[in-house]
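Enquirer: give the three-dimensional model of this entry:
(chains A, B, C and D)
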Protein chains: 4
Amino acid sequence: MINVGIVGGTGYTGVELLRLLVQHPKVKIKAITSRSEAGMHVAELFTNLRGYLDLKFTDPTDAKLTKCYVIFFATPNGIAMQQAEPLLKAGVKIIDLAADFRIKDVAEWEKWYGMQHACPKLVAEAVYGLPEINRERVRNARLIANPGCYPTAVQLGFLPLIEAGVIDINHLIADVKSGVSGAGRKAEIHTLLAEAADNFKAYGVPGHRHLPEIRQGLSNIAKRSVGLTFVPHLVPMIRGIHATLYAKLTKQTDLQNLYEERYQNEAFVDVLPAGKHPETRSVRGSNICRIAVHQPQNGDTVVILSVTDNLVKGAAGQAIQNMNIMFGLAETLGIRQIPLLP
Amino acid sequence: MINVGIVGGTGYTGVELLRLLVQHPKVKIKAITSRSEAGMHVAELFTNLRGYLDLKFTDPTDAKLTKCYVIFFATPNGIAMQQAEPLLKAGVKIIDLAADFRIKDVAEWEKWYGMQHACPKLVAEAVYGLPEINRERVRNARLIANPGCYPTAVQLGFLPLIEAGVIDINHLIADVKSGVSGAGRKAEIHTLLAEAADNFKAYGVPGHRHLPEIRQGLSNIAKRSVGLTFVPHLVPMIRGIHATLYAKLTKQTDLQNLYEERYQNEAFVDVLPAGKHPETRSVRGSNICRIAVHQPQNGDTVVILSVTDNLVKGAAGQAIQNMNIMFGLAETLGIRQIPLLP
Amino acid sequence: MINVGIVGGTGYTGVELLRLLVQHPKVKIKAITSRSEAGMHVAELFTNLRGYLDLKFTDPTDAKLTKCYVIFFATPNGIAMQQAEPLLKAGVKIIDLAADFRIKDVAEWEKWYGMQHACPKLVAEAVYGLPEINRERVRNARLIANPGCYPTAVQLGFLPLIEAGVIDINHLIADVKSGVSGAGRKAEIHTLLAEAADNFKAYGVPGHRHLPEIRQGLSNIAKRSVGLTFVPHLVPMIRGIHATLYAKLTKQTDLQNLYEERYQNEAFVDVLPAGKHPETRSVRGSNICRIAVHQPQNGDTVVILSVTDNLVKGAAGQAIQNMNIMFGLAETLGIRQIPLLP
Amino acid sequence: MINVGIVGGTGYTGVELLRLLVQHPKVKIKAITSRSEAGMHVAELFTNLRGYLDLKFTDPTDAKLTKCYVIFFATPNGIAMQQAEPLLKAGVKIIDLAADFRIKDVAEWEKWYGMQHACPKLVAEAVYGLPEINRERVRNARLIANPGCYPTAVQLGFLPLIEAGVIDINHLIADVKSGVSGAGRKAEIHTLLAEAADNFKAYGVPGHRHLPEIRQGLSNIAKRSVGLTFVPHLVPMIRGIHATLYAKLTKQTDLQNLYEERYQNEAFVDVLPAGKHPETRSVRGSNICRIAVHQPQNGDTVVILSVTDNLVKGAAGQAIQNMNIMFGLAETLGIRQIPLLP
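Expert: Sure, this is the predicted structure:
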């Protein structure tokens, strides 16, 4: 059994990690920390866990995290970078679900995240945990930078096109829509039901923190810098991300076949039959990314539709997928839940 | 492995049966029938099942249902009563998720359901599949009348009070609220999102088909006829039932203790600590019924709050719970999914 | 033209007052105050008002409120009671949309609202602004305690039954459901879309602040103390209140006729034809209360269904209705908007 | 007073026409037809109208439509084209809210709409009723083809850029999101609340009927054929359209100024200040289109955000705007309702 700890477990990625880890046959949850809720039963805060998890939140200073084999950081940005080093030294592996280790260019990171990086040297070591691209490096990593929710859906969507070199990578467009849980479990006015329900809007068009992360990922695939316009939107739903991706084709190719081949061995990427449209509920609660490929009116614009559950493949599920790889388990172990529909 | 068949699998109870049965370690799904969709892959209709179930809908006439050990009828009312007899004769057990065998008084049934009963003699034999009341009879049943969604939440809520004889059973009130999936997967105007979202209403106040079913169940517990006012409401959500139950106390008693004792050995009934309020999402996708007991201002009115997922404990989950009991399996096998929250 | 001021205009009752007052033919909005947003254009915060209102939030200390003929307090509880006296002395009329002057028993008020009352003598003078009951007293009032949202729907629902003396008033039950805007425009976790959507729950069953207000109102009608169980619920919708009211009939009477007669001259109370069920969207954005009367199975329990828009008839619309009466205008002036459906 | 008739008033554009026309100071509604609901009070079907409209649905054959000055067709596609000619001959003006007269190329129309056009010669005469482009021609029209909901939001969004000739018109992208009421008041499974809530999907990517309409409109502006990729999506909300438009800049220009100047005299187009993001609820129930202009990271891709209420500016409101122009009334008469927020 793998002893795991969760730091900062009172948000949505925290409760989702718990839902999945409780069901994982090779995991023992040793500690979950929260400064504000220390002493409270986890199932009192997250009532879905009543009867499934008998654990209290621990104050971070009391939690014996170094006894864990792996720690998930489900904290706000800027926490993991302060605590990672001693844990790694103690032989603990780390999977950071926040953004601290995602951007290799530290100056760029500091610009977008508005703080000084506490541990730049670990940034270089950290492995970007998108298994469909980085599986071998994940296997041997001590420190995983778990991808953001938007970046997962967008990168998996563009990946085959860029690898195949069949599109103009200077003018990529990612029009992406997210459910409100993507904003986290934070007391804020703009995500109140009375504000966000029966409503739709774009936000962050001048610049969003996931832009440099996606750009870095796509540029790594392309092996040169890509041009990307990224527009996130808020959808009045709880979970789900839908990326609608546009690119100009520079070479005719069998797009359907390209995607099916690229992902034929990926357990968590499902390429739909030609002509279909994925919907976010078809992956609700699951670690699957479903993708459809369109070339409307046989023109020179390709349209990719890519959906994920932002809390699973976009966060907690992918983190466990990475853990499975790091510990030599079957990659799908414990994260094969069937999506909940309707 | 238990070979199971599903008759009429294109509705919400059908897809929910599939989601749960696919994950059940002792079940093999042999057939799922649909006249209208025969030949179509199930996962094409229910996209959440892509990658989990490789099965096509079969025409009922082609399905070899008598090779199954148990058949679930996920059909509209009036179908199971026409097909049950030959199946039972062939040694197949039946769990009917519709209403055909729920009401013992056939004349009463015919009044509320507006059709003649095709098989009155099986009505007498059928066991009402609420395990928390009828577990022993379920164990030996050939034919289960699986309870309706409202009746499950209401009966589990009132049960300890009536058994203990501490309330006036002539004036019970059940104010119950249901998500829209309770209306089924049917093309109707009143359950369109544009009609039912951002809206709330009562319906069926003059009389609803679940009224005689609940009244029969409560009267059986009380061993005499109860008086019940039942008002169902439509909530702009997908899944979930919330019953708010009112009764006049005739005897002071420790209500919290009464409920905790009654349900202490029930795996699927969770009595919340005193003072709490259950919410429907705390059971979303799970077979649990959560109950809270209140006595506002220490007055003589008791208020019970009871929540379930109408598609699970209110339909497919309870059906599988019954199957587990009928086949001597652990009662919780395959239906211990953790609720999905948020 | 009536010069009006609004104190505390950054919440939902504030924006709703503005929407209605901007369209009111006899009103001039002179000032709207907000400590936190002073200097900001109102239409920047409430984007629906862009092009309709050219006004900035003013700091309360700068606003010349004594130049107004009437001030609406759209503030949290406990503010109006501190500012009312000097305004009244200056000849300004006051309509308080908060709870400061609603409960005549000051000790009771202080118990439920957890603070000392700053101005008990004005409590006695204040007129409870439910025009359907208190129209004549509203006409001559200087200070209006505008009713709460739940109390409006419940009192209008029970009123004819209690006046007619045909029910047992010792065991009234009000099972009431509210949209999330009833919780106000406040940064809180429990009303986030990701928490409150696709979910339903009761809250405050042990005791809610609107309980004493409703009990006082119903007792005034009955001319003796009533017994009331009040259970509020949170509905995943933005606006709307649905009260389901239960009482035991003590005398047979033509209930439909009773309601139609009682409300025949009321512009804002609509009694539906027998057998109908009102829905909250049928009053969305309007000052109407729609009511239906049921006596299921001709038993001795009467069921009243009463719906309002909590922000209009339950707050801002009713406040303007009171203003119209106080200033001798047609009672419906400026508040005859047609409900928005779908 | 203008005598108006509505043909086919049982859908969402029908009820929205009624809501607006009832409040219009210069309109008298003479007839509303429905074959299926003839004889029923309109307010029984559309309960928001109770107390505001005392009119029954009339059978089309009984309605004296030729006595009306103008007829609104709120019918499915293919009806108006069969009835227009005799009405026009009788001197009645026609505003068709369906698609019968929108596409000038009849063969193209027949391809997309799958039927033969009954009246091609009137197609040539019909004026496309987008007042911001065609105001003068609307003024003298007998027959208006009222634009579709998507086309309105997209054309108003692209208009200034194309007129100014500052973008590459061969690769326009319109990623557009619509509330579910856009699908109409029709009994269909895919728009049930239980299917469409808490979900997001694209549809019609291979081709949607609004594509040729938008392409025709933009090509008219450009005076040559444009290249357009149009991807519609379904949002789990009732009303609202959000168009996110992408184009490559070919010339640097002050985009904010371009939009403000182009629309400075338009009552129903609101250009937001630089840096803002419109939201659909900011136009809920109103005839306004709000637009924001972005040039992310000062790159060569311009992003336009354009929101409307699909039932108002996208249908009924625009139809009345056209009527006002045709009858020499103030263009804003009767359609200045303030958006409902929250």
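Enquirer: quick check: domain ranges of chain A?
Expert: As assigned by automatic domain parsing, chain A contains the domains A:2-125, A:150-310.
Enquirer: tell me which of these sits most buried.
Expert: For the domains of chain A, the largest average neighbour count (mean count of other Cβ atoms under 10 Å in any protein chain shown) is found in domain A:150-310, namely a mean of 22. Bear in mind the C-beta positions are built from the backbone N, C-alpha and C, glycine included.
Enquirer: pLDDT averaged over that one - what is it?
Expert: Taken as a whole, domain A:150-310 carries a mean pLDDT of 98.
Enquirer: interface residues of the stretch 201-342 of chain A facing chain D?
Expert: Along the stretch 201-342 of chain A, the residues adjacent to chain D under the rule Cβ under 8 Å from any Cβ of the partner chain are A:201-203, A:205-207, A:227, A:229-231, A:233, A:235-240, A:242, A:244, A:246, A:248, A:275, A:277-281, A:284, A:292, A:294, A:296-297, A:299, A:301, A:303, A:305, A:307, A:342.
Enquirer: take these and keep only those in strands.
Expert: Secondary structure from DSSP state E places A:201-202, A:229-231, A:233, A:242, A:244, A:246, A:248, A:292, A:294, A:301, A:303, A:305, A:307 of these in strands.
Enquirer: which parts of chain A sit against chain B?
Expert: Where chain A comes near chain B, counting by Cβ under 8 Å from any Cβ, the residues are A:12, A:15, A:19, A:22-23, A:46-52, A:181, A:185, A:197-198, A:238-239, A:270, A:272, A:278-279, A:281-286, A:288, A:290, A:311, A:337-342.
Enquirer: out of the residues you listed, who's near chain C?
Expert: Among the residues of chain A next to chain B, the residues lying close to chain C (Cβ under 8 Å from any Cβ) are A:Y12, A:S181, A:R185, A:A197, A:D198, A:I238.
Enquirer: how long is stretch A:246-258 end to end?
Expert: The distance separating the two terminal residues of stretch A:246-258, taken as Cα to Cα, to the nearest Å, comes to 16 Å.
Enquirer: got the contact list for that stretch?
Expert: If you take Cβ atoms under 8 Å, 6 or more residues apart in numbering or on different chains as the criterion, stretch A:246-258 is touched by A:158, A:160-161, A:164-169, A:171-173, A:175, A:271, A:274, A:293, A:295, A:300-304, D:171, D:173, D:175, D:229, D:246.
Enquirer: residues touching the closest residue to A:I169 other than its chain neighbours, list them.
Expert: Spatial nearest neighbour of A:I169, excluding adjacent residues (Cβ to Cβ, 6 or more residues apart in numbering or on different chains): A:V226 at 4.5 Å. Contact partners of A:V226, counting by Cβ under 8 Å, 6+ apart, are A:I162, A:I169, A:N170, A:L172, A:R215, A:L218, A:S219.
Enquirer: now, which of those residues sits nearest chain B?
Expert: Sorting these by distance to chain B puts A:I162 at the head of the list, at 25.2 Å, by Cβ to the nearest Cβ.
Enquirer: just give me the neighbour total for A:V138.
Expert: By the other Cβ atoms under 10 Å in any protein chain shown criterion, the neighbourhood of A:V138 contains 22 residues.
Enquirer: give the contact list for A:A99.
Expert: Residues touching A:A99, when contacts are defined by Cβ under 8 Å, 6+ apart, comprise A:N77, A:W109, A:Y113, A:A145, A:G148, A:R209, A:E213.
Enquirer: in three-state terms, label A:I335 for me.
Expert: In three-state terms, and counting by DSSP: H, G, I helix; E, B strand; the rest coil, A:I335 is coil.
Enquirer: quick one: it and A:N287 touch, right?
Expert: Yes: under the criterion of Cβ atoms under 8 Å, A:I335 makes contact with A:N287 at 4.6 Å.
Enquirer: which ones are touching the residue nearest to A:G148 when sequence neighbours are not counted?
Expert: The spatial neighbour of A:G148 that comes closest, neighbours along the chain excluded (Cβ to Cβ, 6+ apart), is A:H210 at 5.0 Å. The neighbourhood of A:H210, defined by Cβ under 8 Å, 6+ apart, consists of A:G148, A:C149, A:Y150, A:P151, A:F230, A:P232.
Enquirer: thought the first one was touching A:G314?
Expert: Yes: assessed by Cβ under 8 Å, A:G148 is found in contact with A:G314 at 7.3 Å.
Enquirer: got any residues that touch both of these two?
Expert: Between them, A:G148 and A:G314 share no contacting residue, judged by Cβ under 8 Å, 6+ apart.
Enquirer: between these two, who's got more neighbours?
Expert: Here A:G148 and A:G314 are set side by side on neighbour count (other Cβ under 10 Å), and the busier one is A:G314, at 31 against 24.
Enquirer: contacts only, for that one.
Expert: When the contact criterion is Cβ under 8 Å, 6+ apart, the partners of A:G314 are A:P147, A:G148, A:C149, A:Y150, A:T152, A:A153, A:G182, A:I241, A:T308.
Enquirer: out of those, which are inside helices?
Expert: For the contacts of A:G314, membership in helices holds for A:C149, A:Y150, A:T152, A:A153, with DSSP state H as the criterion.
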